[in-house]
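Visitor: For reference, the sequence and a predicted model appear below.
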Amino acid sequence: MESATEAPTGSEEEKEERCWSNLQVDILSMIKSHLFGADRICFHAVCQSWNSVPSQVRWLPSPARQPSEVTQFPTLVFSGRNTSVCKFFNPLLNKTHSIIFPELANAQIRFSKGGWLLVTQGNSKIFFFNPFTKEKINLPDLPIKEHKFTEISFSSLPTAPDCVVLAISILYLNVLKFSCIRRGESCWKTFEECSDTNVYMPCYSNPVFFDGAFHCLSEKRGSLSIFDPTNDEDFWIELKELEKPIRKPVDQCYLTECDGELMAVYEGHLGGTIDVFKLDKSAMIWKRVNNLGNMALFLSPRASISAPPIRGVASKMENKVYFPRFKGEDGVFYSLSTGKFHSFDLGYTAENFIGTKQQMHCAWIEPSFEKHSIEDLLWC
């Protein structure tokens, strides 16, 4: 008679479990160096010892796998309402991962910068959250009803002493309300301004902090206004002399900084046209951009960013505009070289957005795994 296999004793089970947490640090560091985005979040979540493993700078099979480049490549983070599940899409690999964040239950992503999401929860709660380190910075609650703002942005990393958060809302007719708070402050300051409605109307593309001020793009086909957080009197300037770059109707416009330039992108009906412009501040005119060179733009209403190419895949990524749109599971981008929309894996080519699906509650984010002290995570 064959003897039955003996079940491991409790001590053997414990020993088996300990093996994973006791792996040599250099081995774990080597594994970690090949992970990015959502995969690296899962790595840190295994146990406390894995969470403390340092990143390995070298031991790389190819130049394209440099952790300093791959791990910081723009990623689209999106979620549905009334859920704590976030999805991360990395266009470099054309893959999507899902992660549960209890901290983000019933929250809305509002803006992102430098690896940090600006998030609102309920009617007045607002905070910063880094999904790659799970660090959180609570802000003082928004004033009553201020969660109904149309635009929101922040100037620099929330751990920086000069960080400023700005929210813009329309009270009625042509009256704009600005709510502003600086790091170290315990309450929001509010300002009101009568705006020429023929000049500025929110385009639901968040402001961009550029040259020391928040730049706000209007849905009026290119009008630009500036909010200066250092000036309590003349804080709002509408650049009426700036000629609109486009006359035809647009569905959506985006504003972003690219290689030291302020850029605006206009999306025609159903993506039938994509027009890119950069601001010439010396002449105060918008100049059309026909080629982004080795740069790529990553656009969404909540947050838009730009990035240089990854070594080894430059020709694959450069001179393209990435939207929060998908054809099936494949991300969709616009090529300035072909003037058409494409996807990597499907060989998809199209003249417009028809047949694609847009993610609404999303933002592009530059992953950051930098840890901070308890003091850094205190707003005031």
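Guide: All right, it came through fine.

Visitor: mind showing which ranges of the stretch 251-380 of the chain have poor pLDDT?
Guide: Along the stretch 251-380 of the chain, the parts satisfying pLDDT under 70 run over 311-315, 346.

Visitor: can you give me the strands for it?
Guide: With strands called from DSSP state E, counting those that start in this stretch, the stretch 251-380 of the chain shows them at 252-258, 261-267, 274-280, 285-288, 296-298, 305-307, 320-327, 330-335, 340-342, 349-350, 357-358, 362-365.

Visitor: nearest to residue 138, of those strands?
Guide: strand 362-365 (19.5 Å; Cβ to Cβ). Backbone N, C-alpha and C define where each C-beta goes, glycine included.

Visitor: just checking, what packs against the closest one?
Guide: When contacts are defined as 3 or more Cβ pairs under 8 Å, 6 or more residues apart in numbering; DSSP states H and E, strand 362-365 packs onto strand 75-78, strand 107-113, strand 320-327.

Visitor: For it, which strands pair with it and how are they oriented?
Guide: In the sheet, strand 362-365 lines up against strand 75-78 (antiparallel) (DSSP bridges).

Visitor: Run the chain-centre distance for the partner strand.
Guide: In this view, strand 75-78 has its centroid 7 Å away from the chain centroid, taken as Cα atoms, centre = their mean, to the nearest Å.

Visitor: what's the helix or strand just after that strand packed up against?
Guide: Later in the chain than strand 75-78, the nearest helix or strand by DSSP states H and E is strand 85-90. Identification of packing neighbours for strand 85-90 by 3+ Cβ pairs under 8 Å, 6+ apart yields helix 37-45, strand 75-78, strand 95-100.

Visitor: Pull the distance from strand 85-90 to the chain's centre.
Guide: Relative to the chain's own centre, strand 85-90 is displaced by 12 Å; criterion: Cα atoms, centre = their mean.

Visitor: what residues does that strand touch?
Guide: Strand 85-90 is contacted from outside by 36-38, 73, 75-79, 95-101, 104, 131, 326, 331, using Cβ atoms under 8 Å, 6 or more residues apart in numbering.

Visitor: Going through the residues you listed, which ones are buried?
Guide: Applying 16 or more other Cβ atoms under 10 Å to those, the neighbour count classes 36-38, 73, 75-79, 95-96, 99, 101, 104, 131, 326, 331 as buried.

Visitor: Low-confidence stretches in the stretch 1-150 of the chain?
Guide: Along the stretch 1-150 of the chain, the parts satisfying pLDDT under 70 run over 1-22, 24-41, 44-45, 50-71, 144-147.

Visitor: Mind doing that once more with 80?
Guide: 1-72, 80-82, 144-148 (pLDDT under 80).

Visitor: Can I get the strands of the stretch 251-380 of the chain in CSV including distance to residue 238?
Guide: Below are the strands of the stretch 251-380 of the chain laid out as CSV (distance: least, Cβ to Cβ, whole Å):
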stretch, distance to residue 238
strand 252-258, 15
strand 261-267, 16
strand 274-280, 15
strand 285-288, 16
strand 296-298, 26
strand 305-307, 26
strand 320-327, 28
strand 330-335, 30
strand 340-342, 34
strand 349-350, 37
strand 357-358, 30
strand 362-365, 27
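
Visitor: Point out the one among these that comes closest to residue 135.
Guide: Ranking the strands of the stretch 251-380 of the chain by proximity to residue 135 (Cβ to Cβ) places strand 362-365 first, at 13.8 Å.
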